[in-house]
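Enquirer: Here is a sequence together with a model predicted from it:
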Amino acid sequence: MIRVSDQDIIFILTKEDVLECARMKGIPEEAITDDVLRMVRKGVESGLECWSEVVMTAIDFALKS
């Protein structure tokens with residue numbers, strides 16, 4: 001089993017993050033059901049299919065700063 005420390009984690013998106021986004025849009029927390037969360041997860045996963053490009057761009061930006 002591989003142990004991962006907090007310093008090894010680059011990005012985490014939690015249910016609370018999704019709920020906060022819903023609040024920002026004026027959507028009540030009760031509307032964010034388990035089915036909605038599953039659909040959000042699938043959407044985020046598909047949106048991050050090219051995550052390596054995002055990371056490479058972030059590395060370039062960080063090194064230029």
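Expert: Done, it's in. Residues are numbered from 1 along each chain as shown.

Enquirer: Leaving out the residues flanking it, which one is nearest to residue 40?
Expert: Sequence neighbours aside, residue 18 is the residue nearest to residue 40 in space, at 5.6 Å (criterion: CB to CB, 6 or more residues apart in numbering). No exception for glycine: its C-beta is placed from N, CA and C like everyone else's.

Enquirer: Tell me, how many residues neighbour that neighbour?
Expert: In terms of burial, residue 18 registers 17 neighbours under the definition other CB atoms under 10 Å.

Enquirer: residues contacting it?
Expert: For residue 18, the contact set (CB atoms under 8 Å, 6 or more residues apart in numbering) comprises 32, 37, 40.

Enquirer: among these, which are in strands?
Expert: Members of those lying in strands (criterion: DSSP state E): none.

Enquirer: and which of these is nearest residue 1?
Expert: Sorting the contacts of residue 18 by distance to residue 1 puts residue 37 at the head of the list, at 26.7 Å, by CB to CB.

Enquirer: Can you classify the residue nearest the centre of the chain as helix, strand or coil?
Expert: When the chain is reduced to its mean C-alpha position, the nearest residue by CA atoms, centre = their mean turns out to be residue 13, at 3.7 Å. For residue 13, the reduced secondary structure class is coil; criterion used: DSSP: H, G, I helix; E, B strand; the rest coil.

Enquirer: Please identify the helix or strand for the spatially closest residue to residue 32 that is not a sequence neighbour.
Expert: Residue nearest to residue 32 in three dimensions, not counting chain neighbours: residue 22, with 5.2 Å by CB to CB, 6+ apart. Residue 22 is part of helix 15-24 when elements are defined by DSSP states H and E.

Enquirer: Export only the CA atoms of that helix, formatted as CSV.
Expert: Output for helix 15-24, consisting of C-alpha atoms alone and laid out as CSV, is shown next (Å, rounded to 0.1, in the frame of the first residue of the first chain):
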residue,chain,number,x,y,z
LYS,A,15,-18.4,17.2,-1.9
GLU,A,16,-18.2,20.4,0.2
ASP,A,17,-16.6,22.2,-2.7
VAL,A,18,-19.4,21.1,-5.0
LEU,A,19,-22.0,22.3,-2.4
GLU,A,20,-20.2,25.7,-2.1
CYS,A,21,-20.3,26.1,-5.9
ALA,A,22,-24.1,25.3,-5.8
ARG,A,23,-24.5,27.9,-3.1
MET,A,24,-22.7,30.4,-5.2
